[in-house]
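> Fold the stuff below for me.
(chains A and B)
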Amino acid sequence: MEELLSERLGSVSMKGAGAGKNRTLECGKNSVSGAVSQRACVFCGARVVLNPVTDAFHLVHGPVGCASYTWDIRGSLSSGSELYRHSFTTDLQERDVVFGGLPKLEKALERIVEKFHPPVVFIYSTCLVGVIGDDVDSVCRAAEKKHGVRVINVKAPGFAGHKAMGYRLACEALMKILERDPRRTDKPVGINILGDYNLAGEMWIVKDYFRRIGVPVVSGFTGDSTYESIRRSTTAALNVVQCAGSMMYLARLMEDKFDIPFIKASFFGLEDTKSALVHVSELLGDEETRRRAEELSTRGMEKAMRGISPYLPGLAGKKAAIFVGGGFKAVSLIRQFRELGMDTVMVGTQTGQREDYELIESLVNPGTVILDDANPSELETFMREKGADILVGGVKERPLAYKLGVAFCDHNHERKIPLSGFDGAVNFAREINLSVNSPVWEMARRTADPFLDA
Amino acid sequence: MLDQTPKEISERKALRINPCKTCQPVGALYAALGVRRCMPHSHGSQGCVSYHRTFLTRHFKEPAVASSSSFTEGASVFGGGANLRSSVKNIFDVYDPDVIAVHTTCLSETIGDDLNSYIMELEIPDDKLVVHCNTPSYVGSHVNGFANMVAGFIRYLADPRAPKNDKIGVFPGFVNPGDIREYKRILDLFELARVILPDQTGIMDGPMTGVYEMFPEGGTTIDEIRSLGGARQALALGAAASTEPALALKSKCKVESSVLPLPIGVEATDNFLMTLSGLSGRPVPKELEEERGRLIDLMLDANPYFYARKCAIFGDPDTVLGITSLCLELGMIPLYVITGTPGESFTESAKELLSRYGALEGAKVKAAADLFELHQWIKNGRVDLLIGTSYGKQIAKAEDIPFVRAGFPILDRYGHSYHPLVGYRGGLLLAERIADAVMDEMDRKCLDEDLEVVM
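Numbers count the residues shown, from 1 in each chain, chains lettered A, B, ... in the order given. A predicted model of the protein is given here:
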């Protein structure tokens, strides 16, 4: 670990190192200036959480870049509107910086309402707007009054913190929808699923399980959601939070405001999926619901094991490295690798919280490296040191893994195959097998001196 | 996405939909990756560099290393000087590059950070360098950012007192490593010594070695950039991306440049080679003449599949002009020619090209355009082929038009960055891709009885 920036020392730990010292990992800090961080900004956090609202008009108020980089990269599927897959921006120019961006924003809103009739407009105010001081809130109020649609300002200047702060802002924006004239009922029924973005249709898998055990899903946040579906959510009896990093805050707000309790759950991996279904059925249903949850899980797991078992011999003993956004996903992945007979030798997250890291620490074997907000050098060092066979991560990590000749599995926005639920667990095993056991890694290992033993 | 573009066109001034450009800093970052042992540094929020690295990684399928000043709320109120100081210290301490190339962002530009004075006040180790350029995201596009960064290297490093040398400077334009390799091969055939700035070969098209190098062996060296000050002449390829560095080199070191279009297609490559012939005092090598012959041969063999076919071309200005030129040579009709980058010199050049081939009438040419508009045009007047970046795929699918990927970025296919569009070889490749797209489409759509192995 001697190559680490001294400021980074607190953000890396190894289970079992410095026995008995029980040092707590530092996390949630701002990135060190000058570091090649993998970490994204406030705008990014807000955008990824809200973007899956399919019939919303997502307008990036700022220069063109932030809209360009986030155009159609989210991977969340829609059963209806495709409006969210466009890239809309005010594309601010020099004169707007000097004279303010509001006239352009007002004109853009006129046009949006007239041509696209969206039920809600999210205005993402980026860095520049944060410093030129556009009073976007007043434009939102005026536009709401004039056009009768919801116009919500998401103040997301990149400098205001890191990605997790953006998640909070997104949750607040969603609360603005819920708080105005909320739908209430004396008899709350069913659940909302929070923190599933319907990547490759994962929300549909989870919704289908609940439908089959007889627990109505009122609304999903925010995968395949609409303005209407979001508004319905206040009539639910329970919030089931999947991606806790992005949605725990909304769950807490909804508990405070609408008395909807929440639980954390994960639908990645067999055990986690089963316990999520059973837990929800216990909380909401009768004996019959619980029985159905057990039965569905038992059958789902049996079927999944039949699907997974052919891959097990090829995966046994392989070593996995994990670098993902949130802590809860990392936890599920550690369990999933264990289900596949694999060891997790490195775990990192971009935005994990202290409680996540404590849980991770309790799950992994001694010697496993745990790190917060890692940079490429750190990832490289530890993947090498630990002899990882596969890295699970997002787009920035893929080429790094490949450069090292290490297999890769995208567990982020670029996945095209659903990985959640029982079927997803089979897909996961298949993905990992396809990556780890491709003959290309053997080829890659021989590139250093390819003609040596030829 | 696919069916939500209305046919009815109405003018938009305040709302950009589906942009055909992105912001300056990513271009600056790409340019800086073409200098040896250089750390590109984004002076702004940490999100910028995260997006830029992702964007470049998606195109090149390579890690794109860059650091960030990681602005906080405080920095955006009090200025980013302290962030830059600690960044520079950390970067040299930990990553040990030879040079840090700082570019600004919309944030640092707007709060008025004065990079010139910040850098003057920095404590920089003796053998290390820090350079910068201004890349306000609210002006121009990534192409301008690229041009500004290359000009920045020249302003800081090109040495007006460098000994006069026999080299020519080459500003390659915003192109792929595959293009730069092709330039090098051609320049070698003319036996011309040169300095190419920037040069991303070996960095953004690195071979698999099993080792991750943060600074692979590639890129223009600092000494080479210094020596540009004594070059006998420079070639600025692609007006949009290379005029700025050419001007910088002239104003600092009095080295003249010829600005040429990107050598895409027959005529532009002819002109490029004639210029090289003039500079080297050698005739065009036989090998290149034969390549030209092979390109013409393919154009001739496949002529029924090119002639009078309408196409739409979009992307970065220099690349689009080059592709338009080749399409005209193939006998195609470029009905819509757009770039997202603002600047009327693009429209003038495009119109000039079109009118030379009698194709101006009925054609639409626009700078600072977007893909929503292009889609609407296509809905109102069909084309047979769409040529451009990955962002065209939705239009192609919605309108059921064959699609040829060319330019930057190509996020959804492999191998593009390895291959040239420039030179006769590039022309051959592009013409082949166009013919393939047209012919594949015919095979897919034709009646069973019309499907034959002979076409």
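> C-alpha from now on. contacts and neighbour counts both.
Fine.
> Just say helix, strand or coil for the residue in the stretch 251-400 of chain A that chain B sits nearest to.
Residue nearest to chain B within the stretch 251-400 of chain A (Cα to the nearest Cα): A:Pro399, separated by 5.1 Å. Three-state call for A:Pro399 (DSSP: H, G, I helix; E, B strand; the rest coil): helix.
> Now the residue in the stretch 351-454 of chain A positioned nearest to chain B: closest residue in space that isn't a chain neighbour?
Ranking the residues of the stretch 351-454 of chain A by distance to chain B (Cα to the nearest Cα) places A:Leu404 first, at 4.7 Å. Excluding the flanking residues, the one nearest A:Leu404 by Cα to Cα, 6 or more residues apart in numbering or on different chains is B:Gly210, at 4.7 Å.
> Briefly note if the lowest-mean-pLDDT helix or strand in chain B comes near chain A.
Taking mean pLDDT, DSSP states H and E as the measure, helix B:73-78 is the helix or strand of chain B with the lowest mean score, a mean of 87. Yes. Counting by Cα under 8 Å from any Cα of the partner chain, chain A is contacted by helix B:73-78 at B:73, B:76.
> moving C-terminal of that helix, what's the next helix or strand?
helix B:81-94 (DSSP states H and E).
> Show me which positions of that next one end up buried.
B:81, B:83-92 (16 or more other Cα atoms under 10 Å in any protein chain shown).
> where does the stretch 51-200 of chain A dip in pLDDT?
Within the stretch 51-200 of chain A, no range satisfies pLDDT under 70.
> before we move on, back to that, how close does the residue of the stretch 351-454 of chain A closest to chain B get to B:Val139?
The gap separating A:Leu404 from B:Val139 is 38 Å, by Cα to Cα, to the nearest Å.
> What of B:Gly362?
From B:Gly362 to B:Val139 the distance is 31 Å (Cα to Cα).
> Of these two, give the one with the bigger neighbour count.
B:Val139 (21 against 10; other Cα atoms under 10 Å in any protein chain shown).
> roughly how far out does stretch B:72-86 sit from the chain middle?
32 Å (Cα atoms, centre = their mean, to the nearest Å).
> mind listing what's buried in the longest helix seen in chain A?
The longest helix of chain A (DSSP state H) is helix A:287-308. For helix A:287-308, burial by neighbour count (16+ other Cα under 10 Å) applies to A:289-294, A:296-297, A:300-301, A:304-305, A:307-308.
> swap in stretch B:429-442?
Buried, per 16+ other Cα under 10 Å, within stretch B:429-442: B:429-439, B:441-442.
> Farthest pair within those residues?
B:Leu429 and B:Met442 (19.9 Å; Cα to Cα).
> Could you pull out the strands in the chain for me?
Picking chain A for this. For chain A, the strands defined by DSSP state E cover A:12-14, A:57-61, A:88-89, A:120-125, A:150-155, A:191-196, A:217-222, A:238-241, A:262-264, A:319-324, A:343-349, A:369-372, A:390-393, A:407-410.
> wrong chain, I was asking about chain B
Using DSSP E, strands in chain B cover B:16-17, B:38-43, B:67-68, B:99-104, B:129-133, B:168-171, B:194-196, B:233-237, B:257-260, B:310-315, B:333-339, B:364-366, B:385-388, B:403-405.
> Summarise which helices and strands the first one is packed against.
Spelled out, that is strand B:16-17. strand A:88-89 (3 or more Cα pairs under 8 Å, 6 or more residues apart in numbering or on different chains; DSSP states H and E).
> where's the strand it packs on relative to the chain centroid, distance-wise?
23 Å.
> likewise stretch B:111-124?
29 Å.
> Any idea how far apart the tips of it sit?
24 Å.
> Same question for that stretch: list its buried residues.
B:111, B:113, B:115, B:119.
> any idea how far the second one is from B:Gly229?
Taking Cα to Cα as the criterion, B:Asp113 is separated from B:Gly229 by 29 Å.
> Please list all residues in contact with A:Gln93.
A:63, B:138-139 (Cα atoms under 8 Å, 6 or more residues apart in numbering or on different chains).
> how about CSV for these, with distance to B:Ser10 added?
Output for these, formatted as CSV (distance: Cα to Cα, whole Å):
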residue, distance to B:Ser10
A:Pro63, 23
B:Tyr138, 24
B:Val139, 25
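> And whichever residue of the stretch 1-150 of chain B sits closest to chain A, what's its pLDDT?
Proximity of the stretch 1-150 of chain B to chain A (Cα to the nearest Cα) peaks at B:Ser87, 3.7 Å away. B:Ser87 is assigned 96 on the pLDDT scale.
> List, one by one, the residues from the stretch 201-350 of chain B near chain A.
Going by Cα under 8 Å from any Cα, the residues of the stretch 201-350 of chain B near chain A are B:208-212.
> most neighbours, which of the residues you listed?
Within these, neighbour counts (other Cα under 10 Å) peak at B:Tyr212, which reaches 20 neighbours.
> Nearest spatial neighbour of A:Phe267, chain-adjacent residues omitted?
A:Phe267's closest residue in space is A:Thr273 (Cα to Cα, 6+ apart), at 4.3 Å.
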